[in-house]
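# Quick one, what's the 3D model for this:
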Amino acid sequence: MPNLKDIIDVAQALESKAVRVVADRCVVVRNRNASCRRCVKACPADAITVRGNDLTLDNHACVSCGACTVVCPVEALVPLDPTDADLAAGAARSASALDGTAVIACARMAAKDVGDPSKYAMVPCMARVDEVLLVELAAAGIERVVLVDGTCRTCKYRDTSAGVDEAVAQAQALIAAQGGSAIIERASEFPAQAVLEDKASLYGQERRGFFTRSTKRAREASVKTAEVMVFKEFEQRMPSLRERLGVTASGAMPWLTAQRRERLMDSLDQIGTPVQDTVSSRQFATVSIDEEKCSACGMCAVFCPTGALKKSDEKPEDGVGSYLEFQAFDCVNCRVCADVCMKKCLKTSTEVSTEELFDFEPRLIHLPDPPKRTGMLTGFKRQ
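Residues are numbered from 1 along each chain as shown. The predicted model follows:
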């Protein structure tokens with residue numbers, strides 16, 4: 001029989017949560033010297049704490065806007081309401097209903113019952129929409145995306161408005177860099193073709209939606225209950241942070257796969273070939289190292305979360321020094337490499353060559369031989 005603590009744990013797990021925390025992916029959890037605090041800056045409710053080797057989300061304070069999930073470069077914060085797949089599917093349904101125009105509306109605008117729910121996708125806040133989704137829609141052949149979110153200055157989510165503008169600007173720049181023509185725009189009203197013609201029809205839709213949501217929630221609740229009880233049974237045997245994130249045989253911490261980033265790269269490739277020599281985006285970065293200052297400590301490669309920067313097996317022909325390999329395709333611009341650089345000789349830039357970005361061959365970065373350590377008896381002369 002479950003005890004009172006078990007019941008409380010299950011009840012807490014069943015709370016409505018818009019974000020799942022995968023702390024081991026966070027660059028600060030992996031190295032406390034990492035400067036990344038993008039989620040903290042984006043959160044309008046001060047619900048996120050990043051301190052030491054810890055990332056926590058206060059679910060009671062969280063307002064479910066999704067802004068943190070958009071800016072996290074390593075996907076340590078995963079959106080659940082809606083998920084990426086559900087949001088993309090909703091936008092695709094909208095485009096199908098509106099002859100190629102996808103409409104996404106915030107919950108506040110949806111509550112006004114002006115738009116036809118069958119013709120738009122809904123998000124709690126427009127901050128949940130990122131450039132990855134917008135580029136995906138463009139890659140799918142959608143020529144126009146309208147983000148309907150009303151007047152942000154009177155909304156409780158108003159602090160996220162600047163982030164929405166940035167996502168739109170980033171998406172437009174990336175689409176243009178690939179020669180795409182899709183248009184992304186924010187609007188305070190629904191497009192005419194998405195306006196609801198008969199409000200009475202909402203009753204039937206809401207009733208069907210209620211039963212659909214109730215069934216889904218009941219199913220999710222049973223799964224979540226089982227998950228909590230299984231976790232509690234094995235939590236005493238869970239490996240420690242050091243065991244989970246220790247250096248592997250390759251000499252680096254475990255690498256993670258940034259799925260959202262991979263989707264972005266696939267979408268850009270589908271749009272076309274680059275028509276610009278460089279692209280500037282918060283999604284990308286390139287790395288340069290001042291060889292004269294570098295001590296070849298290799299910490300940048302050890303803590304790179306995606307393996308974009310790693311030690312190379314290739315050796316210089318003259319036998320002097322060593323190489324690092326840098327793969328722009330895998331770099332997520334987390335900047336942890338610059339943060340952990342002991343000599344501060346590594347720099348990152350968001351201005352990335354499109355040729356390098358789509359080149360599957362890594363760029364070699366030459367490192368000098370490590371300086372010789374001075375022994376305790378150096379300079380000692382036998383009498």
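
# Skipping its backbone neighbours, what lies nearest D99 in space?
Spatial nearest neighbour of D99, excluding adjacent residues (CB to CB, 6 or more residues apart in numbering): Q193 at 7.6 Å. Where C-beta positions appear, they are placed from N, C-alpha and C, glycine not excepted.

# repeat for V287
Nearest in space to V287, with sequence neighbours left out and distances taken as CB to CB, 6+ apart, is F326 at 5.2 Å.

# Tell me the pLDDT of I48.
At I48, the model reports a pLDDT of 97.

# What of F211?
Here, the pLDDT recorded for F211 equals 47.

# Also A200?
pLDDT, A200: 61.

# same check, this time on C294
96.

# Share the number of residues neighbouring it, please.
C294 is flanked by 22 other residues according to other CB atoms under 10 Å.

# Please report how far it lies from A92.
Distance of C294 to A92, given as CB to CB, to the nearest Å: 48 Å.

# for L367, same thing?
Here L367 is placed at a distance of 47 Å from A92 (CB to CB).

# Give me the more crowded residue out of those two.
L367 (23 against 16).

# Could you pull up the residues touching the more buried one?
Contacts of L367 were listed using CB atoms under 8 Å, 6 or more residues apart in numbering, and they are 289, 291, 294, 296, 321-324.

# Could you single out the nearest of the residues you listed to T273?
The closest of the contacts of L367 to T273 turns out to be L324 (CB to CB; 28.4 Å).

# Can you read off the pLDDT for the closest one?
So L324 comes in at 96 (pLDDT).

# correct me, but A107 touches M122?
Yes: at 6.2 Å, A107 counts as touching M122 under the criterion of CB atoms under 8 Å.

# all strands for the stretch 251-383 of the chain, in order.
For the stretch 251-383 of the chain, applying DSSP state E, counting those that start in this stretch gives strands covering 278-280, 286-289, 309-311, 322-326, 346-349, 351-353, 363-367.

# V63: which of the ones you listed is closest?
Taking CB to CB, strand 278-280 is the member of these nearest to V63, at 30.8 Å.

# ok, residues contacting the closest one?
Outside strand 278-280, the residues touching it (CB under 8 Å, 6+ apart) are 173-174, 177, 350-354, 357.

# Swap in 6 Å and give it another go.
Contacting residues not belonging to strand 278-280 are listed as 177, 350-354 [CB atoms under 6 Å, 6 or more residues apart in numbering].

# From the residues you listed, pick the one nearest D330.
V352 (12.3 Å).

# so the closest one sits right up against V287, yeah?
No: V352 is beyond contact range of V287, at 10.1 Å (criterion: CB atoms under 6 Å).

# For T56, which three-state class applies?
strand (DSSP: H, G, I helix; E, B strand; the rest coil).

# Excluding covalently adjacent residues, which one is nearest to it?
T49 (4.8 Å).

# what do you get for C106?
Counting by CB to CB, 6+ apart, the nearest residue to C106 once its immediate chain neighbours are dropped is D149, at 4.3 Å.

# Same check on V302?
A252 (5.1 Å).

# Neighbours of the one you found, how many?
Neighbour count for A252, taken as other CB under 10 Å: 19.

# cool, R261 as well?
21.

# Over to Y323?
Neighbour tally, Y323, other CB under 10 Å: 17.

# Quick check: it touching K310?
No: using CB under 6 Å, Y323 makes no contact with K310, being 10.0 Å away.

# Quick one: residues contacting the residue nearest to V287.
287, 309, 362-363, 365.

# Where does A171 sit, in terms of helix or strand?
helix 161-177 (DSSP states H and E).

# For that helix, name the packing helices and strands.
helix 131-139, strand 183-187 (3 or more CB pairs under 6 Å, 6 or more residues apart in numbering; DSSP states H and E).

# Report the separation between the closest residue to L324 other than its chain neighbours and V27.
Once flanking residues are discounted, L324 sits nearest to I365: 4.4 Å by CB to CB, 6+ apart. Distance of I365 to V27, computed by CB to CB: 20 Å.

# which of these two has more neighbours?
Higher neighbour count among I365 and V27: V27, with 27 against 20, using other CB under 10 Å.

# pretty sure the more buried one contacts C337?
No: using CB under 6 Å as the test, V27 is too far from C337 to be in contact (9.9 Å).

# Show the pLDDT at R51.
pLDDT for R51: 88.

# Likewise for G66?
pLDDT recorded at G66 is 95.

# How many residues are close by the closest residue to I183 other than its chain neighbours?
Once flanking residues are discounted, I183 sits nearest to R144: 5.0 Å by CB to CB, 6+ apart. By the criterion of other CB under 10 Å, R144 has 19 neighbours.

# how close does R144 sit to S267?
Relative to S267, R144 is positioned 17 Å away (CB to CB).

# how about low-confidence regions in this structure?
1-16, 198-251, 373-383 (pLDDT under 70).

# so where do the strands sit in the stretch 51-200 of the chain?
Using DSSP E, counting those that start in this stretch, strands in the stretch 51-200 of the chain cover 54-57, 77-79, 101-106, 121-123, 144-148, 183-187.

# Partner strands of the second one, with direction?
So that's strand 77-79. According to DSSP bridges, strand 77-79 forms sheet pairs with strand 19-21 (antiparallel).
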